[in-house]
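A.B. asks: can't give you the sequence, but here's the structure:
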Ligand SMILES: Cc1ncc(C[n+]2csc(CCOP(=O)(O)OP(=O)(O)O)c2C)c(N)n1
Ligand SMILES: [Mg+2]
């Protein structure tokens, strides 16, 4: 399937060059900060943690088409950690699935862009999530269904490390390996923090790669903010396989804003006033050379 990327210009959508993953990540980080600050919502740290993974997935891995978001052969992406919805909405808007100006309504009363990701009326979102531990099961169902109907679809689930405390995740892992679902890819956003404490303090996961291997999965570990490494790992994981694949992406919660990084506080806190201005300055300072003027 050919990816087409569109951008708003004067209220119309015109085809434009596909953004690189770094451009996409830069723009999405700024959107996430603004969206959560404007709406007064939580989870900025969780959203920033996922941005580079989403940017690489949407710029070069997922076979999705913003002009045909319901194409029967599209890949199915599931944000299992639904509380990071701001990052997915912003990525989809930047990729042309809907107008960027809709992002201004995030978390406002009556808006269709709720804090936890919702598929209702949002092109490009496959399923609503937010109750942790369901995404891998959903993606497993998409993968099995595609195989049964002989479609080229791949299913991709982005999980949090906290979700690996859920038994339902491991049921899905067992099921997917039992059915040799080579068209299933999971990515774990392994930021080592949950909402109130570290993963190790809450429920330790190590040795994490060995656990997935023992469940019959292909396992790769990668720096979840290194676009080249992510691109390579996800491209290899995207090749036809005999078994499901998991990419364990080592990440930093709050990535991109120094005072949010690795701070559990920013799971729930909203950046306001001086904090907001400082975060904005930092993120703007990360503008890739390839991004010229214009929003955001
Ligand atoms: C089943 C379920 N239990 C509890 C919650 C409340 N909750 C929201 S986020 C979160 C944990 C956040 O840590 P993690 O899952 O690692 O996500 P991160 O933000 O670090 O990516 C919890 C317990 C939930 N959404 N769903
Ligand atoms: Mg976490």
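C.D. replies: Okay, I see it. What you are looking at is a predicted structure, and each value in this text was computed from that prediction instead of being measured. Ligands and ions are numbered 1, 2, ... in the order given.

A.B. asks: residue 124 reaches residue 66, doesn't it?
C.D. replies: Yes: when contacts are counted by Cβ atoms under 8 Å, residue 124 is listed as touching residue 66 (7.0 Å). Every C-beta, even on glycine, is put in place using the N, C-alpha and C of the backbone.

A.B. asks: neighbours of residue 278, just the number please.
C.D. replies: Residues near residue 278, counting by other Cβ atoms under 10 Å, number 14.

A.B. asks: what about it, distance to residue 257?
C.D. replies: Separation of residue 278 from residue 257 (Cβ to Cβ, to the nearest Å): 8 Å.

A.B. asks: then residue 66?
C.D. replies: 29 Å.

A.B. asks: and the two? Which one has more around it.
C.D. replies: A direct count of neighbours by other Cβ under 10 Å for residue 66 and residue 257 places residue 257 higher, at 24 against 19.

A.B. asks: what's the closest non-adjacent residue to residue 208?
C.D. replies: residue 248 (6.0 Å; Cβ to Cβ, 6 or more residues apart in numbering).

A.B. asks: and that neighbour, that one's in a strand?
C.D. replies: Yes: Residue 248: assigned to a strand according to DSSP: H, G, I helix; E, B strand; the rest coil.

A.B. asks: center of the protein - which residue?
C.D. replies: Among the residues of the chain, the one closest to the centroid is residue 54, at 4.3 Å (Cα atoms, centre = their mean).

A.B. asks: I figured residue 127 was touching residue 120, is that so?
C.D. replies: No: when contacts are counted by Cβ under 8 Å, residue 127 is not listed as touching residue 120 (10.4 Å).

A.B. asks: more neighbours, those two?
C.D. replies: residue 127 (19 against 8).

A.B. asks: the more buried one: which element?
C.D. replies: Following DSSP states H and E, one finds residue 127 outside all helices and strands.

A.B. asks: and the closest residue to residue 224 other than its chain neighbours, how far from residue 161?
C.D. replies: Among residues not flanking residue 224 along the chain, residue 249 sits closest, at 3.0 Å (Cβ to Cβ, 6+ apart). Residue 249 sits 10 Å away from residue 161, going by Cβ to Cβ.

A.B. asks: got it, and residue 23?
C.D. replies: The value you get for residue 23 to residue 161, if Cβ to Cβ is used, is 28 Å.

A.B. asks: which of these two has more neighbours?
C.D. replies: With neighbours defined as other Cβ under 10 Å, residue 23 and residue 161 compare such that residue 161 has more, 26 against 20.

A.B. asks: for the nearest residue to residue 62 once chain neighbours are set aside, give me its contacts.
C.D. replies: Excluding the flanking residues, the one nearest residue 62 by Cβ to Cβ, 6+ apart is residue 75, at 4.8 Å. Taking Cβ atoms under 8 Å, 6 or more residues apart in numbering as the criterion, residue 75 is in contact with 62, 63, 64, 153, 154, 155, 156.

A.B. asks: list the buried ones in the helix or strand where residue 175 lies?
C.D. replies: Secondary structure from DSSP H and E places residue 175 in helix 167-178. Of the residues in helix 167-178, those buried under the neighbour-count criterion (16 or more other Cβ atoms under 10 Å) are 169, 170, 172, 173, 175, 176, 177.

A.B. asks: ok so, going back, buried among the contacts of residue 75? Need that as a selection in PyMOL.
C.D. replies: Once 16+ other Cβ under 10 Å is used to decide burial, the buried members of the contacts of residue 75 can be selected in PyMOL as follows:
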select buried, resi 62+64+153+154+155+156
